[in-house]
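# Structure here, sequence nowhere to be found:
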Ligand code: NAD
């Protein structure tokens, strides 16, 4: 059966290292600061942002959660972002998505100072990633890359098939692996024969948001399978990969929960520390 890659364990290890790093920065009077902004009271979104806030406090960072009503105007949100851009105690700014329909997500993303864009969604940072420059990489894709490296899975020259092409996960994870010398194929909802592609992959990364989409007969013997999906089925969290049928065939497999999820927040903390170091000219 497959080697199960627990992102949870790796996340714990990395956050312990970050706690040390933050305390060293504090000795130099640098306190990495993260502002998280959320509009409305969606329980899932609230639980995500509280998780982010708790995790940042645990590593010793300064963390501010700004909860605004769902009816907040676009201009008020843009003004708030502009304030946070100017605030020198704030190194990272994150606006929880999705936003209510009356607000343009693109406008909001582009209002954040690229130097504080710890989500890595600003077109400037996306462009830097695309051109192979060092920048803030989006947290979930970056977490996947770090997991693969830590598990010593070779990406150079490997065929990676990404299922899903969202700006949040699919597209950037393919780009990061392309930067690591993989050959990358993207599949999505209009791909006629998904299995035809996934069966050729050395590494399959699934971010479709469809429970059990990828099954054992989609996978080549010995492939590495990374399951990004988070779906609630009968009150239980499950991934996009049918664990039972894939586990006997894959060489490595990430579980849901305790797989990719915990790495996402970890990379957010990493990016915030990076932002604080950068502004203070520390490498
Ligand atoms: P999305 O809905 O924006 O994109 C889904 C993508 O999957 C689309 O590109 C679509 O074309 C593709 N797709 C849908 N059905 C398909 C099918 N039958 N065959 C092939 N492709 C198909 O979603 P997203 O934001 O990219 O998130 C994807 C999943 O990852 C969701 O379950 C989400 O909850 C999860 N997620 C997890 C984390 C984490 O930290 N663990 C972070 C972000 C997203």
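Here it is on my side, so go on. Small disclaimer: the values here were computed from a predicted structure and weren't measured.
# Could you verify my assumption that residue 130 touches residue 175?
Yes: under the criterion of C-beta atoms under 8 Å, residue 130 is in contact with residue 175, at a separation of 5.9 Å. (Each C-beta comes from the backbone N, C-alpha and C, glycine too.)
# Looking at these two, which one has more neighbours?
Looking at residue 130 and residue 175 with other C-beta atoms under 10 Å, you find the greater number of neighbours at residue 175, namely 19 against 15.
# pLDDT of the helix or strand where the more buried one lies, averaged?
Following DSSP states H and E, one finds residue 175 within helix 170-179. If you average the pLDDT over helix 170-179, you get 98.
# go on, stretch 91-109?
This predicted structure assigns stretch 91-109 an average pLDDT of 97.
# Near the ligand, which residues of the stretch 101-250 of the chain? Just list them.
Residues of the stretch 101-250 of the chain found near the ligand (C-beta under 6 Å from any ligand atom) are 140, 163-166, 168-170, 187-189, 191, 194, 207-210, 213, 228-231.
# Which parts of the chain are strands?
3-4, 33-39, 62-68, 92-95, 159-163, 183-187, 203-206, 224-227, 231-233, 236-238, 252-253 (DSSP state E).
# how is this protein carved up into domains?
With automatic domain parsing serving as the domain definition, the record reports that the chain contains domains spanning 29-114, 139-261.
# Just say which of these is most tucked in.
Among those, judged by mean count of other C-beta atoms under 10 Å, the one packed with the most neighbours on average is domain 139-261 (a mean of 19).
# can you map out the helices along the stretch 101-250 of the chain?
Using DSSP state H, counting those that start in this stretch, the helices of the stretch 101-250 of the chain run over residues 105-111, 123-130, 139-150, 170-179, 194-198, 243-246.
# among the ones you listed, which is nearest residue 259?
Taking C-beta to C-beta as the criterion, helix 139-150 is the member of the helices of the stretch 101-250 of the chain that comes nearest to residue 259, at 8.3 Å.
# pLDDT averaged over that closest one - what is it?
In this model, helix 139-150 carries a mean pLDDT of 98.
# can you tell me which helix in the chain is longest?
Ranked by residue count and defined by DSSP state H, the top helix of the chain is helix 7-27.
# How far away from the center of its chain is that helix?
17 Å (C-alpha atoms, centre = their mean, to the nearest Å).
# quick check, distance from stretch 217-236 to the centre of its chain.
That offset, for stretch 217-236, works out to 17 Å (C-alpha atoms, centre = their mean).
# Could you tell me the end-to-end distance of it?
Between the opening and closing residues of stretch 217-236 there is a gap of 24 Å (C-alpha to C-alpha, to the nearest Å).
# Quick one: mean pLDDT for it?
Per-residue pLDDT over stretch 217-236 has a mean of 97.
# you'd agree residue 108 is up against residue 100?
No: in this structure, residue 108 sits apart from residue 100 without contact. The criterion is C-beta under 8 Å, and the distance is 10.9 Å.
# that older thread, which one, of the strands of the chain, ends up nearest to residue 267?
Comparison of those against residue 267 by C-beta to C-beta identifies strand 92-95 as nearest, at 11.6 Å.
# Which strands or helices does the closest one pack on?
strand 33-39, helix 74-86, helix 261-279 (3 or more C-beta pairs under 8 Å, 6 or more residues apart in numbering; DSSP states H and E).
# How about residues contacting it?
When contacts are defined by C-beta atoms under 8 Å, 6 or more residues apart in numbering, strand 92-95 is touched by residues 32-38, 52, 77, 81, 84-85, 108-109, 112-113, 116-119, 268, 271-272, 275-276.
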